[in-house]
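>>> give me a model of this one.
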Amino acid sequence: MSRRKLELPVPKKFTLTAIGPGIVLVAMGLGSGEFILWPFLVAQFGFGIIWGALLGVTFQYFVSNESGRYTLSTGASVYTAFAKLWKYFPIWFILSTYLSFGFPGIIGSGGQILGYAIDFEKHQYLTVGMLLVIGLILTFGGKVYNNLERFQKLVIGISIPILCVIAALLFDIDIFISMIKGLFGFGEGFFGLPAGISLITFLGAVAYSGAAGNLTLSHSFYIQDKGLGMAKHVDSQVDLKSNKKEIPAGLKFMDTESNVKKFNKWFRYVALEQFISFWIIGMFTILLLMYIAYALVYPDAEAGGLQFIFDQSEMLALDVSQTLKFFFLGIGVLFLFKTQLGVYETTSRIMAENTSLFSEKIRKKYPRKTIYFGFLWLQIATAIAISLAAVTEPVQILIISTFFSAISMLVISIAVFWLNSSKLINSRIKPTFLRQAIVMGSILTYGILVAVTVVDLAKKYF
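Residues are numbered from 1 along each chain as shown. All right, here's what the predicted structure looks like:
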């Protein structure tokens, strides 16, 4: 290998054009956690629970950010590193990804909202139609990541300004103050958690504050796709025209003072991009949607399914305008569609890469794109089968999926902490004590929440 490739590339200067990977990451959560789960809970219990969203987004930011450390320094994905730490990690990531995202809770909710908007009762057929469209887009879209980033930026650029207009029309200073208090756990007659809240739903909402579960690690893929750090030397994108079989292997840069300084600049570059596009935009959008839900339907929201969204749309039509009702419902469908699109792109890639890492036989026999498209259409077939099986409450499917994502968040927090403490990360570029402490905080928080939820479920059903 040439000396040139062992030099860490010169870091880019940060400009607004750097925004992209974090947008794709947060876009995978805007439909499920942001548009459905958090407004669903706030519409029933008020703002006192939204500290969970702040906690979830913050932990996801640091865990996701730290998962990119290995990729920046080697060009290989974080899953390559995990497979070196424990040979069965790939099996876990395949199974946990499928269980967390293989069910149609997200796109099923989109189909139900679209059916309500156009007065079409058999919304499962709309869900199936959207699933097929997503499959075709990802199958024939060329270089998948480039197209995905452009689409997600477009949707967010259109949707968030409309939501800001709706929130401005509904603005009330007392509601705003209540929302700020809620970030610190102060609710209407309670602190922290109110009586009667479903722990599994709350845990799922915390896990879905942002990208959710294994999707959090997709930051590593996006570093590859944008060619940042040592990833400049690898070709990682899933491309319909490519027949490559091998996944990008890791490279090592020379352990010099100059390269260490360049690495630190690269890390600050991606950390700032992700902070702006993931933490700030993600948290702002969550608060925006929760504010709208509270202003329109709290405390009279119905607890069942997506009725609270339909109630919001009717209140908008009654109090503001009929046009805003359809804009609101349209944004919901668009959010859920683009979320499912991003989810399937990433989950297919996660499962494909981990299959190749676990099985040398499969890796040598099939091109990466073949494995990728196999998992993509397996998920779509599963979602279609469930959608046509007369499942009428996609929100319940979504809540079950979020529980698996919460367990995944616990595991990946442990895996990222382990990786950054291992010899796979050069001692001169290891994370600071504070960053490791925050990742440890994620482990403890998700560990406690999962344990408490499991005990609560056991008491209910056993």
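>>> can you find the helix or strand of the protein with the lowest average pLDDT?
Confidence across the helices and strands of the chain bottoms out at helix 21-29, with a mean of 67, counting by mean pLDDT, DSSP states H and E.
>>> now do whatever helix or strand comes next after it, average pLDDT.
Counting by DSSP states H and E, the element after helix 21-29 in chain order, helix or strand, is helix 38-45. Averaging pLDDT along helix 38-45 gives 89.
>>> one more: stretch 132-144?
Mean predicted lDDT for stretch 132-144 stands at 84.
>>> buried set for that stretch?
Within stretch 132-144, the residues scored as buried using 16 or more other C-beta atoms under 10 Å are 134-135, 137-138, 141, 144. From N, CA and C alone the C-beta is placed, and that goes for glycine too.
>>> tell me the pLDDT of residue 368.
Reported pLDDT for residue 368: 83.
>>> is it correct that it is in contact with residue 357?
No. Between residue 368 and residue 357 there is no contact under C-beta atoms under 8 Å: 11.5 Å.
>>> state the phi and psi torsions of the closest residue to residue 334 other than its chain neighbours.
For residue 334, ignoring the flanking residues on the chain, the nearest one in space by C-beta to C-beta, 6 or more residues apart in numbering is residue 155 at 5.7 Å. With angles defined as degrees, to the nearest 10, residue 155 sits at phi -60, psi -50.
>>> do I have it right that residue 155 meets residue 335?
Yes. With contact defined as C-beta under 8 Å, residue 155 counts as touching residue 335 (7.4 Å).
>>> low-scoring stretches of the stretch 251-400 of the chain, by residue?
302-304, 390-399 (pLDDT under 70).
>>> and the helices in it?
Using DSSP state H, counting those that start in this stretch, the helices of the stretch 251-400 of the chain run over residues 257-274, 281-297, 307-319, 322-358, 360-365, 368-387, 394-421.
>>> closest to residue 9 out of these?
The closest of these to residue 9 is helix 257-274. By C-beta to C-beta, the value is 7.6 Å.
>>> just name the closest of the buried residues of stretch 132-144 to residue 204, please.
residue 134 (22.5 Å).
>>> now do the contacts for that closest one.
The contact partners of residue 134, by C-beta atoms under 8 Å, 6 or more residues apart in numbering, come to 107, 337, 340-341, 344, 380.
>>> shouldn't residue 197 be within a strand?
No. Checked against DSSP: H, G, I helix; E, B strand; the rest coil, residue 197 lies outside a strand; its state is coil.
>>> give me the element the closest residue in space to residue 89 that isn't next to it in sequence is part of.
Closest residue in space to residue 89, ignoring its immediate chain neighbours: residue 82 at 4.2 Å, by C-beta to C-beta, 6+ apart. Using DSSP H and E, the element containing residue 82 is helix 78-85.
>>> number of nearby residues for the closest residue in space to residue 260 that isn't next to it in sequence?
Nearest non-adjacent residue to residue 260, counting by C-beta to C-beta, 6+ apart: residue 428, 5.0 Å away. Using other C-beta atoms under 10 Å, residue 428 has 12 other residues around it.
>>> please apply the same query to residue 257.
8.
>>> out of the helices of the stretch 251-400 of the chain, nearest to residue 102?
helix 368-387 (5.1 Å).
>>> for the helices of the stretch 251-400 of the chain, which one sits closest to residue 51?
Of all those, helix 281-297 sits nearest to residue 51, with 11.9 Å by C-beta to C-beta.
>>> what angle do the closest one and helix 307-319 make?
70 degrees (axes from the mean of the first three to the mean of the last three C-alpha atoms, to 10 degrees).
>>> and the residue nearest the centre of the chain?
residue 211 (1.3 Å; C-alpha atoms, centre = their mean).
>>> tell me if that one really is in a helix.
No. Using three-state DSSP, the assignment for residue 211 is coil, not a helix.
>>> from now on call the first residue 35
Sure, I'll start counting at 35 from here, so that last one is residue 245.
>>> please report phi then psi for it.
According to degrees, to the nearest 10, residue 245 has phi -80, psi -40.
>>> same thing with residue 222?
phi -80, psi 90.
>>> count the neighbours of it for me.
So residue 222, with other C-beta under 10 Å, has 14 neighbours.
>>> the more surrounded of residue 189 and residue 369?
The residue with more neighbours, out of residue 189 and residue 369, is residue 369; 28 against 21, by other C-beta under 10 Å.
>>> how near is residue 343 to residue 192?
Noted for residue 343: a distance of 19 Å to residue 192, by C-beta to C-beta, to the nearest Å.
>>> can you check residue 109 too?
Counting by C-beta to C-beta, the gap from residue 109 to residue 192 is 35 Å.
>>> between the two, who's got more neighbours?
More crowded of residue 109 and residue 192, by other C-beta under 10 Å: residue 109, with 27 against 12.
>>> grab the nearest non-local neighbour of that one.
residue 264 (4.0 Å).
>>> so what's that neighbour up against?
42-43, 105-109, 284-285, 287.
>>> where is pLDDT lowest across those residues?
The pLDDT minimum for the contacts of residue 264 sits at residue 284, where the score is 74.
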